[in-house]
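> the following block contains a protein sequence and its predicted model.
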Amino acid sequence: MEFTFEWPEWPTALGDQLSFVCAGITIFLGVMQLFLPGVMLRIRRLQTHPDHPEAIGESRATLAGFYLGTGLSAILFAQPFIYMALGFSWLFTAFGRFVSILSDRGGTFYNWIALLIELTLGLIPLAAFFQLFPAS
């Protein structure tokens, strides 16, 4: 089996273009989490404990690695099922945040805005996968 790689072209269909942008945002968040984990944790209203420097490593590994892997896969291979995985990943992120809003008294302004962003990043690739955008 031979593996060939071609640099991805800008998609022509609206749904694919929006999914590409969602993947790009995911990659951006991953790069930021990888190289500026302290800043990203502060943006997310999180802080590490001075006695546990491995928390930064967990942030770099779990968050950055997942964002980069999923986003790069979506852009590099531009396959419908990878866009579906990207969409479901963001939807389950939103679901977790929603459960936190309901269960943990987390109904803050930040959490509601983050929920809207995560829902948007999840629904766009899924809408493209299910061909809910007009054909171009």
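Yes, it's here. Because the structure is a prediction, the values reported are computed rather than measured. Residues are numbered from 1 along each chain as shown.

> so the residue positioned nearest the centre of the chain is in which element?
The centroid of the chain falls nearest to residue 26 when counting by CA atoms, centre = their mean (4.0 Å). Assigned by DSSP states H and E, residue 26 falls within helix 14-35.

> what about the least confident helix or strand in the chain by mean pLDDT, distance to the chain center?
Within the chain, no helix or strand scores below helix 54-58, which has a mean of 86 by mean pLDDT, DSSP states H and E. Distance of helix 54-58 from its chain centroid, counting by CA atoms, centre = their mean, to the nearest Å, is 19 Å.

> format the CA atom coordinates belonging to that helix as PDB.
Output in PDB follows, covering the C-alpha atoms of helix 54-58 (Å, rounded to 0.1, in the frame of the first residue of the first chain):
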ATOM      1  CA  GLU A  54       3.000  18.100  35.700                       C
ATOM      2  CA  ALA A  55      -0.300  20.000  35.300                       C
ATOM      3  CA  ILE A  56       1.300  22.000  32.500                       C
ATOM      4  CA  GLY A  57       2.500  18.800  30.900                       C
ATOM      5  CA  GLU A  58      -1.000  17.400  31.100                       C
END
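
> for that helix, packing partners?
helix 37-43 (3 or more CB pairs under 8 Å, 6 or more residues apart in numbering; DSSP states H and E). For glycine as for every other residue, the C-beta is placed from the backbone atoms N, C-alpha and C.

> buried stuff in the helix it packs on?
For helix 37-43, the buried set under the neighbour-count rule, 16 or more other CB atoms under 10 Å, comprises 37, 40-41.

> who's in contact with it?
Here helix 37-43 makes contact (CB atoms under 8 Å, 6 or more residues apart in numbering) with 29, 32-33, 47-48, 56, 59-60, 63-64.
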